[in-house]
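Student: Structure of the sequence below:
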Amino acid sequence: MTNFDFNKKVVFITGAAGGIGAACAREFYRRGASVVLADLGADALEKLASEFDADRVLLQILDVTDMDATKQVVANIIKKFGRIDIVFANAGVAWQTPKTIATADEIEFERIIEIDLLGVWRTVRAALPEVIKAEGQVLVTSSLYAFANGVINAPYAMSKAGVESFGRSLRAELAGTGATASVLYPGWIKTPMTRVAFGANANASELIEKAFPAPLRQLITPEVVASAVARGLGKRAPRIIVPNRWAPLAALRGLLNMYTDRMFDRRSDLQTIVRRVETDAAND
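Tutor: Here you go, the predicted structure:
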């Protein structure tokens, strides 16, 4: 399997308006690729697109819950660039107030899964024939929540675990075709999505502080993720875990899962936080 050169390649990115998506778009562009920026935030997309030469960027307003719209974006990409070398299914949301499964709003719970899991399926499925034709790559954004307990964040965690399984399945199915698939596992990134767990919500912040050792609570920037993504895709790596300090926990996830599950069974301080989350949700 040969290394991957980004020069003159075409990269289709969902969730491109900010955070990891925007940082990766800049990194791919810097390495010579043309970038397709897809998201719902038109203003943010236009601002990002203004950084690039018009002949190497395509802006697309896209709701990844709509398969027909996603297929139309793929058609638009082919019309402008004639190919798709990488599809990066990165669009994702999380709730801004932590809730338990018992107190979650049903519509909000299912919407997160619709975007974070099924949105990945739609994006990849629509672009996959072109990626295979180009002997390119699929990248899907999972999370440390693929192997960490998703307490008070269940729809996000179950989506990211599903994305991991999807990406691994796809890589196996693509073996021998010349195309590959990789799974991105970012830790906590300094983006609006992580504010809930790092200061914006007292319960979530306290839970993170009590449940995770200090080295694992350090935030990294989207640019650090983008550099790791470029290195990983350059080698067609099956897994891109960033920061690297999460890699041992990913490898030892069986033991980690037993430990964290038992931790919540036995620690009354963590149970108290979960009960407060339920009370706050019920009072909203």
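Student: can you give me the strands in the chain?
Tutor: 10-14, 34-39, 57-61, 86-89, 137-141, 180-186, 239-242 (DSSP state E).
Student: State the number of residues packed around Arg125.
Tutor: One way to gauge burial is a neighbour count; for Arg125, by other C-beta atoms under 10 Å, it gives 16. (Each C-beta comes from the backbone N, C-alpha and C, glycine too.)
Student: Now it: closest residue in space that isn't a chain neighbour?
Tutor: Counting by C-beta to C-beta, 6 or more residues apart in numbering, Met67 is the residue found nearest to Arg125 once chain neighbours are left out, at 7.7 Å.
Student: Give me the neighbour count for that neighbour.
Tutor: 15.
Student: Same check on Gln271?
Tutor: For Gln271, the neighbour count with other C-beta under 10 Å is 12.
Student: Could you report the pLDDT at it?
Tutor: At Gln271 the predicted local confidence, pLDDT, stands at 89.
Student: list the contacts for the closest residue to it other than its chain neighbours?
Tutor: Nearest residue to Gln271 in three dimensions, chain neighbours excluded: Phe264, at 7.0 Å (C-beta to C-beta, 6+ apart). Listed by C-beta atoms under 8 Å, 6 or more residues apart in numbering, the contact partners of Phe264 are 149, 151, 270-271, 274.
Student: ok, now which ones touch Trp95?
Tutor: Going by C-beta under 8 Å, 6+ apart, the list of residues near Trp95 reads 104, 108, 112, 153, 155-156, 196.
Student: quick one: the residue nearest to Arg125 from Leu37, how far?
Tutor: Distance check for Met67 against Leu37: by C-beta to C-beta, to the nearest Å, it reads 20 Å.
Student: middle-most residue in this structure, spatially?
Tutor: Thr141 (2.9 Å; C-alpha atoms, centre = their mean).
Student: if I read this right, that residue contacts Val93, doesn't it?
Tutor: No - the criterion here is C-beta atoms under 8 Å, and Thr141 misses it with Val93 at 11.9 Å.
Student: Dump the strands of the chain to a markdown table, plus distance to Asp284.
Tutor: What follows is the strands of the chain, written out as a markdown table (distance: least, C-beta to C-beta, whole Å):
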| stretch | distance to Asp284 |
| --- | --- |
| strand 10-14 | 30 |
| strand 34-39 | 28 |
| strand 57-61 | 31 |
| strand 86-89 | 32 |
| strand 137-141 | 29 |
| strand 180-186 | 29 |
| strand 239-242 | 34 |
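Student: got the ones you listed as TSV, with mean pLDDT columns?
Tutor: Shown next, in TSV, are these (pLDDT from 0 to 100):
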stretch	mean pLDDT
strand 10-14	98
strand 34-39	98
strand 57-61	98
strand 86-89	98
strand 137-141	98
strand 180-186	97
strand 239-242	97
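Student: and Leu219, which of the ones you listed is closest to it?
Tutor: Of all the strands of the chain, the one in closest proximity to Leu219, counting by C-beta to C-beta, is strand 180-186 (10.8 Å).
Student: Please name the strands paired to the closest one in the sheet, noting orientation.
Tutor: Strand partners for strand 180-186, identified by DSSP bridges, are recorded as strand 137-141 (parallel), strand 239-242 (parallel).
Student: Can you say which of these is packed in most?
Tutor: Ranked by mean neighbour count, the strands paired with strand 180-186 are led by strand 137-141 with a mean of 25 (mean count of other C-beta atoms under 10 Å).
Student: send the alpha carbons of it over as PDB?
Tutor: Extracted as PDB, the C-alpha positions of strand 137-141 are listed here (Å, rounded to 0.1, in the frame of the first residue of the first chain):
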ATOM      1  CA  GLN A 137      -9.400   7.300   1.200                       C
ATOM      2  CA  VAL A 138     -12.400   7.500   3.500                       C
ATOM      3  CA  LEU A 139     -11.900   9.200   6.900                       C
ATOM      4  CA  VAL A 140     -14.600   9.100   9.600                       C
ATOM      5  CA  THR A 141     -14.500  11.100  12.900                       C
END
